[in-house]
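Novice: Based on what follows, work out the 3D shape:
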Amino acid sequence: PRTVGHGAERVVVVAAFDTRFALASELMQLRKQMNVTQKQLATASGINQADISRIERGELNPTVLTVARLLRPLGRRLSIVPTERHAA
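Specialist: Sure, this is the predicted structure:
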């Protein structure tokens, strides 16, 4: 991952990078589990297939609205959940 700055700023950049890849991986896994192609998801969501591919490869950082549009045809929605550290 590309990092900039020192200390806390570097941690934030790495954390954002990891989060983007985790989201991309989960989205791709869900799409494949449901036997939906990128092209089918593009048609159902209105998001360009090339952008879906870039999101899944972690090359594009989607907006919350874009993620919500991708999840809707897969029967999912965005939700805020506690981290493991704050779950108890």
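
Novice: Measure how buried the nearest residue to Ala68 once chain neighbours are set aside is and give me the count.
Specialist: Nearest non-adjacent residue to Ala68, counting by CB to CB, 6 or more residues apart in numbering: Leu78, 5.5 Å away. All C-beta atoms are positioned from the backbone trio N, CA, C, and that covers glycine. Residues near Leu78, counting by other CB atoms under 10 Å, number 10.

Novice: Pull the contacting residues for Leu78.
Specialist: 64, 67-68, 71 (CB atoms under 8 Å, 6 or more residues apart in numbering).

Novice: quick one: it from Arg72, how far?
Specialist: Leu78 sits 10 Å away from Arg72, going by CB to CB, to the nearest Å.

Novice: Helices along this protein, start to end?
Specialist: 7-33, 38-45, 49-56, 64-71 (DSSP state H).

Novice: among those, which is nearest Arg85?
Specialist: helix 7-33 (13.3 Å; CB to CB).

Novice: contacting residues for Ile55?
Specialist: Taking CB under 8 Å, 6+ apart, one finds 24, 27, 62, 66, 70 in contact with Ile55.

Novice: Let me know the closest of these to Leu41.
Specialist: Once CB to CB is applied, the member of these that ends up nearest Leu41 is Leu70, at 6.5 Å.
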